[in-house]
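J.: one predicted model, sequence on top.
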Amino acid sequence: MISLGGIVTSESSHVAGDEFDESIVSFMKRQYSLALGERTAEDVKVQLASAYPLEEEFYAEIRGRDLVTGLPKTVTVSTQEMREAIEEPVAAIIDAIKVTLDKTPPELAADVMERGIMLAGGGSLLLGLDAAVQAETGMPVRSAKNALFSVVLGSGQCLEQFDVLRQVLISGPED
(Lines give C-alpha, C1' and ligand atoms only; values in the text may rest on other atoms or scores of the structure.)
Protein backbone atom coordinates (compact mmCIF):
# COMPACT_ATOMS: atom_id res chain seq x y z
CA MET A 1 0.00 0.00 0.00
CA ILE A 2 1.58 3.24 -1.15
CA SER A 3 0.34 6.66 -0.06
CA LEU A 4 1.95 10.10 -0.34
CA GLY A 5 5.11 8.60 -1.85
CA GLY A 6 5.67 6.11 0.94
CA ILE A 7 4.97 2.49 1.72
CA VAL A 8 2.20 2.34 4.31
CA THR A 9 1.94 -1.43 4.56
CA SER A 10 2.93 -4.44 2.50
CA GLU A 11 2.61 -8.18 2.18
CA SER A 12 4.85 -10.39 0.09
CA SER A 13 3.52 -13.26 -1.95
CA HIS A 14 5.99 -15.42 -3.82
CA VAL A 15 3.38 -16.53 -6.35
CA ALA A 16 4.13 -15.79 -9.98
CA GLY A 17 3.72 -17.19 -13.45
CA ASP A 18 5.95 -20.17 -12.72
CA GLU A 19 3.59 -21.32 -9.95
CA PHE A 20 0.69 -21.17 -12.39
CA ASP A 21 2.71 -23.26 -14.86
CA GLU A 22 3.64 -25.81 -12.19
CA SER A 23 0.00 -26.07 -11.09
CA ILE A 24 -1.06 -26.76 -14.68
CA VAL A 25 1.63 -29.44 -15.09
CA SER A 26 0.57 -31.11 -11.80
CA PHE A 27 -3.12 -30.96 -12.72
CA MET A 28 -2.53 -32.55 -16.11
CA LYS A 29 -0.49 -35.34 -14.49
CA ARG A 30 -3.20 -36.03 -11.89
CA GLN A 31 -6.22 -35.65 -14.13
CA TYR A 32 -5.02 -37.07 -17.44
CA SER A 33 -1.70 -38.87 -16.74
CA LEU A 34 -0.22 -36.43 -19.24
CA ALA A 35 3.30 -35.00 -18.96
CA LEU A 36 3.68 -31.43 -20.21
CA GLY A 37 6.81 -29.43 -20.84
CA GLU A 38 7.33 -25.97 -19.37
CA ARG A 39 6.71 -24.30 -22.73
CA THR A 40 3.40 -26.14 -23.24
CA ALA A 41 2.26 -25.26 -19.71
CA GLU A 42 3.09 -21.60 -20.38
CA ASP A 43 1.11 -21.69 -23.64
CA VAL A 44 -1.87 -23.33 -21.90
CA LYS A 45 -1.76 -20.68 -19.17
CA VAL A 46 -1.74 -17.81 -21.64
CA GLN A 47 -4.39 -19.26 -23.95
CA LEU A 48 -6.74 -21.10 -21.60
CA ALA A 49 -6.24 -20.25 -17.92
CA SER A 50 -8.61 -17.88 -16.13
CA ALA A 51 -9.06 -16.84 -12.53
CA TYR A 52 -12.80 -16.17 -12.79
CA PRO A 53 -15.68 -17.87 -14.62
CA LEU A 54 -16.11 -16.69 -18.20
CA GLU A 55 -19.36 -15.95 -20.01
CA GLU A 56 -18.38 -18.60 -22.51
CA GLU A 57 -15.98 -21.39 -21.59
CA PHE A 58 -13.38 -22.38 -24.18
CA TYR A 59 -11.78 -25.71 -25.01
CA ALA A 60 -8.41 -26.57 -26.48
CA GLU A 61 -6.42 -29.64 -27.35
CA ILE A 62 -3.24 -30.14 -25.37
CA ARG A 63 -0.48 -32.45 -26.51
CA GLY A 64 1.92 -34.16 -24.18
CA ARG A 65 3.36 -37.54 -23.30
CA ASP A 66 1.16 -40.24 -21.81
CA LEU A 67 2.70 -41.21 -18.48
CA VAL A 68 1.42 -44.77 -18.76
CA THR A 69 2.44 -45.68 -22.31
CA GLY A 70 5.16 -43.09 -22.92
CA LEU A 71 3.54 -42.26 -26.25
CA PRO A 72 2.33 -38.85 -27.46
CA LYS A 73 -1.22 -38.11 -26.34
CA THR A 74 -3.75 -35.34 -27.00
CA VAL A 75 -6.50 -34.36 -24.56
CA THR A 76 -9.18 -31.67 -24.71
CA VAL A 77 -9.43 -29.39 -21.69
CA SER A 78 -11.62 -26.42 -20.79
CA THR A 79 -11.02 -23.03 -19.24
CA GLN A 80 -13.03 -24.32 -16.27
CA GLU A 81 -10.52 -27.15 -15.73
CA MET A 82 -7.59 -24.76 -15.98
CA ARG A 83 -9.29 -22.47 -13.45
CA GLU A 84 -9.39 -25.47 -11.11
CA ALA A 85 -5.72 -26.20 -11.89
CA ILE A 86 -4.55 -22.71 -10.86
CA GLU A 87 -6.99 -22.24 -8.00
CA GLU A 88 -4.32 -22.50 -5.30
CA PRO A 89 -1.89 -19.86 -6.60
CA VAL A 90 -4.79 -17.51 -7.39
CA ALA A 91 -6.07 -17.93 -3.81
CA ALA A 92 -2.56 -17.16 -2.48
CA ILE A 93 -2.48 -13.87 -4.42
CA ILE A 94 -5.95 -12.89 -3.23
CA ASP A 95 -5.05 -13.79 0.38
CA ALA A 96 -1.97 -11.53 0.20
CA ILE A 97 -4.16 -8.68 -1.06
CA LYS A 98 -6.66 -9.24 1.77
CA VAL A 99 -3.90 -9.30 4.40
CA THR A 100 -2.52 -6.03 3.03
CA LEU A 101 -5.98 -4.45 3.08
CA ASP A 102 -6.49 -5.68 6.64
CA LYS A 103 -3.26 -3.93 7.70
CA THR A 104 -4.26 -0.69 5.96
CA PRO A 105 -4.86 2.21 8.37
CA PRO A 106 -8.54 3.22 8.61
CA GLU A 107 -7.84 6.74 7.31
CA LEU A 108 -6.74 5.25 3.97
CA ALA A 109 -9.62 2.78 3.67
CA ALA A 110 -11.97 5.32 2.04
CA ASP A 111 -9.30 6.26 -0.48
CA VAL A 112 -8.72 2.60 -1.36
CA MET A 113 -12.46 2.03 -1.74
CA GLU A 114 -12.69 5.00 -4.10
CA ARG A 115 -9.51 4.52 -6.15
CA GLY A 116 -9.37 0.74 -6.01
CA ILE A 117 -6.61 -1.79 -6.36
CA MET A 118 -3.97 -1.65 -9.10
CA LEU A 119 -2.60 -4.96 -10.37
CA ALA A 120 0.87 -5.01 -11.93
CA GLY A 121 3.36 -7.56 -13.17
CA GLY A 122 3.02 -10.47 -15.56
CA GLY A 123 0.65 -12.37 -13.26
CA SER A 124 -1.87 -9.54 -13.50
CA LEU A 125 -2.35 -10.48 -17.16
CA LEU A 126 -4.06 -13.71 -16.11
CA LEU A 127 -7.55 -13.60 -17.60
CA GLY A 128 -10.15 -12.75 -14.97
CA LEU A 129 -7.71 -12.05 -12.12
CA ASP A 130 -9.10 -8.52 -11.79
CA ALA A 131 -12.66 -9.88 -11.58
CA ALA A 132 -11.65 -12.50 -9.00
CA VAL A 133 -9.94 -9.89 -6.80
CA GLN A 134 -12.92 -7.55 -7.14
CA ALA A 135 -15.35 -10.34 -6.22
CA GLU A 136 -13.28 -11.23 -3.13
CA THR A 137 -12.61 -7.68 -1.91
CA GLY A 138 -15.64 -5.74 -3.13
CA MET A 139 -13.30 -3.03 -4.41
CA PRO A 140 -12.70 -1.72 -7.92
CA VAL A 141 -9.69 -3.39 -9.53
CA ARG A 142 -7.70 -2.44 -12.60
CA SER A 143 -4.49 -3.52 -14.25
CA ALA A 144 -1.55 -1.26 -15.03
CA LYS A 145 -1.37 -0.12 -18.66
CA ASN A 146 2.00 -1.73 -19.20
CA ALA A 147 1.51 -4.48 -16.61
CA LEU A 148 4.25 -6.76 -17.86
CA PHE A 149 6.94 -4.10 -17.49
CA SER A 150 5.49 -1.86 -14.77
CA VAL A 151 7.33 -3.54 -11.89
CA VAL A 152 10.76 -3.26 -13.51
CA LEU A 153 10.05 0.28 -14.76
CA GLY A 154 8.97 1.35 -11.26
CA SER A 155 12.08 -0.23 -9.78
CA GLY A 156 14.19 1.69 -12.29
CA GLN A 157 12.50 4.95 -11.33
CA CYS A 158 13.23 4.22 -7.67
CA LEU A 159 16.91 3.67 -8.48
CA GLU A 160 17.03 6.94 -10.43
CA GLN A 161 15.64 8.76 -7.39
CA PHE A 162 17.36 6.66 -4.76
CA ASP A 163 18.49 9.59 -2.59
CA VAL A 164 14.95 11.00 -2.46
CA LEU A 165 13.36 7.62 -1.73
CA ARG A 166 16.05 6.28 0.63
CA GLN A 167 13.82 6.68 3.72
CA VAL A 168 10.95 4.85 2.04
CA LEU A 169 12.98 2.03 0.55
CA ILE A 170 15.26 1.23 3.48
CA SER A 171 13.80 0.67 6.87
CA GLY A 172 15.55 -1.07 9.68
CA PRO A 173 16.04 -1.05 13.45
CA GLU A 174 17.92 2.25 13.29
CA ASP A 175 14.94 4.08 11.71
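T.: Ah, there it is.

J.: what packs against the helix or strand hosting Arg30?
T.: Assessed by DSSP states H and E, Arg30 sits inside helix 17-32. If contacts are counted by 3 or more C-beta pairs under 8 Å, 6 or more residues apart in numbering; DSSP states H and E, helix 17-32 sits against strand 34-35, helix 38-48, strand 72-78, helix 79-85, helix 87-102. For glycine as for every other residue, the C-beta is placed from the backbone atoms N, C-alpha and C.

J.: could I get the ones you listed as CSV with mean neighbour count, distance to Ile117 and mean pLDDT?
T.: Output for these, formatted as CSV (neighbours: other C-beta atoms under 10 Å; distance: least, C-beta to C-beta, whole Å; pLDDT from 0 to 100):
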stretch, mean neighbour count, distance to Ile117, mean pLDDT
strand 34-35, 19, 36, 96
helix 38-48, 17, 22, 91
strand 72-78, 14, 28, 95
helix 79-85, 20, 21, 95
helix 87-102, 17, 7, 90
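
J.: what about the most centrally placed residue in the chain, distance to Ser150?
T.: With distances taken as C-alpha atoms, centre = their mean, the residue of the chain nearest its centroid is Gly123 (3.6 Å). Using C-beta to C-beta, to the nearest Å, Gly123 is found at 12 Å from Ser150.

J.: and if you look at Glu87?
T.: On the measure of C-beta to C-beta, Glu87 and Ser150 end up 26 Å apart.

J.: for Ala91, same thing?
T.: 23 Å.

J.: low-confidence regions, this structure specifically.
T.: For the chain, applying pLDDT under 70 flags the ranges 1-15, 158, 162-175.

J.: domain-wise, how is it divided?
T.: According to automatic domain parsing, the chain comprises the domains 17-85, 93-169.

J.: just the angle between the helix holding Arg30 and helix 38-48, please?
T.: Computed by axes from the mean of the first three to the mean of the last three C-alpha atoms, to 10 degrees, the angle separating helix 17-32 from helix 38-48 equals 90 degrees.

J.: neighbouring contacts of helix 17-32?
T.: 34-36, 38, 41-42, 44-45, 49, 62, 64, 67, 73, 75, 77, 81-82, 84-89, 92, 122-123, 126 (C-beta atoms under 8 Å, 6 or more residues apart in numbering).
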